[in-house]
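Trainee: build the 3D model from these lines:
(chains A, B and C)
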Amino acid sequence: MDHLRSRLLAWFDRAQRDLPWRRHPSPYAVAVSEFMLQQTQVATVIPYFNRWMQRFPDWSALATAPESTVLKAWEGLGYYRRARLLHGLAQRVVALPGGELPRDPVALRELPGIGPYTAGAIASIAFDVPAAAVDGNVERVLARVFDERGDFAMPATRARIAAKAAALVRDERPSAYTQALMELGALVCLPRNPHCALCPLHALCARPDPARVPKKSRTTTTRESETLAWIVEEGGLFLQPPGTGPRWPDFWKLPVWEESMMVPADAPRPVGLTYGITRYRVAATLQPGSWARASQPELCRVPLEALGELLLPAPHRKLIGRMLGQDGKSGQLQAPVVAGSLAKAAND
DNA sequence: AAGTCGGGGTG
DNA sequence: CACCCAGACTT
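Mentor: Numbers count the residues shown, from 1 in each chain, chains lettered A, B, ... in the order given. Below you'll find the predicted structure:
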């Protein structure tokens, strides 16, 4: 399949996107980008990556940073275990003799947070080592090219595709080849509406018909609803500290509304938001109120102007933004902006 | 082999 | 809405 490779590489040289981690692809930059890109789209990662490289420019800077700082820089990206694993990876790397990642994918696989995909991706992209890196994009592209019709949820199907990917590896521009396969999946060989007419592999693809593409099996989502409490006293908002509750163990959270403990307030009006977390779809309401008796001892009263520095789940931060009349369209609110806005709103 | 873990982009 | 995304780790 040398034909496939030459066509793919020629297309990549022409069509690849200008992405920040392609500017100076050091092993560190490649590793940071790969961790951030796990189950996360490129457009979401770009601003996080740029801020991260400013704040933690190399392995040493990351390794010596406190974990709270690392998590704060990851806030809003999701899958927070990745941040801890990357932090742990940095500490392992600086302790290695060369102070750098190994280039062997088998050795990479032993390090924290580096699975089969990421090991192949770092080896090939950062070190130009011929290694296969099979992510969701590559799986889809190869399944179409080789007319693999098995269910993607079945390990046997994925194993067949992985074998195809491994058989395609050559010692010819491994870095560009790995990125080209993924870039094709991201720009041309799309999940729903592949642009087959524009595809460099169109002539040799076994299944160029967009109407007959394999799809992943569905996941069932469970619906939930929750009411959270907005209680402010003396410029401080009552929050649940980290370490409690089923979700976001590292985060501060809005407390759950307790009918027996709280009295709803007439103003301001409640605000609502529906958000998804893993396989759940949660309809959340933020209810303003006050304490019926004494405040719950496990809650902390946090000054509104300090909220920007706290670790808050994205949906909770959005609810707070809406309660204070902010647009909230920016999704992730910058800490200084939040602090300033909250202080201003608290004076109203 | 199945569950868990976030959040946003997109048709 | 549902699906998908440069997956890894735990049970």
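
Trainee: backbone dihedrals for residue A:236, please?
Mentor: phi -120, psi 140 (degrees, to the nearest 10).

Trainee: actually residue A:275, not the one I typed
Mentor: According to degrees, to the nearest 10, residue A:275 has phi -130, psi 160.

Trainee: neighbours of the closest residue to DNA strand C within the stretch 51-200 of chain A, how many?
Mentor: Distance from DNA strand C to each residue of the stretch 51-200 of chain A (Cβ to the nearest atom of the strand) is smallest for residue A:115, at 2.3 Å. Backbone N, C-alpha and C define where each C-beta goes, glycine included. By other Cβ atoms under 10 Å, 11 other residues sit near residue A:115.

Trainee: let me know the pLDDT of the nearest residue to it once chain neighbours are set aside.
Mentor: In this structure, residue A:115 finds its nearest non-sequential neighbour in residue A:109, 7.3 Å apart by Cβ to Cβ, 6 or more residues apart in numbering. If you check residue A:109, the pLDDT there is 98.

Trainee: same question, residue A:282
Mentor: For residue A:282, pLDDT reads 94.

Trainee: cool, and residue A:208?
Mentor: Reported pLDDT for residue A:208: 73.

Trainee: got the contact list for it?
Mentor: A:144, A:196, A:199, A:202 (Cβ atoms under 8 Å, 6 or more residues apart in numbering).

Trainee: now, which of those residues lie close to DNA strand C?
Mentor: The overlap between the contacts of residue A:208 and the neighbours of DNA strand C (Cβ under 7 Å from any atom of the strand) is empty.

Trainee: give me the buried entries from the residues you listed.
Mentor: A:144, A:196, A:199 (16 or more other Cβ atoms under 10 Å).

Trainee: which residues does the residue of the stretch 51-200 of chain A found nearest DNA strand B contact?
Mentor: Closest to DNA strand B within the stretch 51-200 of chain A is residue A:78: 2.6 Å, counting by Cβ to the nearest atom of the strand. By Cβ under 8 Å, 6+ apart, the residues touching residue A:78 are A:40, A:314.

Trainee: for residue A:48, see how far away it is.
Mentor: 10 Å (Cβ to Cβ, to the nearest Å).

Trainee: touching both of those two, which residues are there?
Mentor: With Cβ under 8 Å, 6+ apart, residue A:78 and residue A:48 have no common neighbours.

Trainee: quick check: the residue nearest to residue A:115 touching residue A:120?
Mentor: No. Assessed by Cβ atoms under 8 Å, residue A:109 is found out of contact with residue A:120, at 9.0 Å.

Trainee: mind checking which of these two has more residues around it?
Mentor: residue A:120 (28 against 15).

Trainee: and the helix or strand hosting that one, what does it pack against?
Mentor: Here residue A:120, judged by DSSP states H and E, is contained in helix A:116-127. Secondary-structure packing of helix A:116-127 (3 or more Cβ pairs under 8 Å, 6 or more residues apart in numbering; DSSP states H and E): helix A:27-37, helix A:105-108, helix A:174-187.

Trainee: quick one: stretch A:117-131 to chain centroid distance?
Mentor: Put simply, stretch A:117-131 sits 20 Å off its chain's centre (Cα atoms, centre = their mean, to the nearest Å).

Trainee: and the contacts of that stretch?
Mentor: Applying Cβ under 8 Å, 6+ apart, the set of residues contacting stretch A:117-131 is A:25-27, A:30-31, A:34-35, A:38, A:101, A:103-106, A:108-109, A:114, A:132-135, A:169-171, A:173-175, A:177-179.

Trainee: that stretch vs DNA strand C: in contact?
Mentor: Yes. Contact of stretch A:117-131 with DNA strand C (Cβ under 7 Å from any atom of the strand) involves A:117, A:118, A:119, A:121.

Trainee: pLDDT of that stretch, averaged?
Mentor: Average pLDDT, stretch A:117-131: 98.

Trainee: could you see whether DNA strand B lies near that stretch?
Mentor: No. Counting by Cβ under 7 Å from any atom of the strand, DNA strand B is not contacted by stretch A:117-131; separation bottoms out at 13.7 Å.

Trainee: got the buried residues for that stretch?
Mentor: A:117-131.
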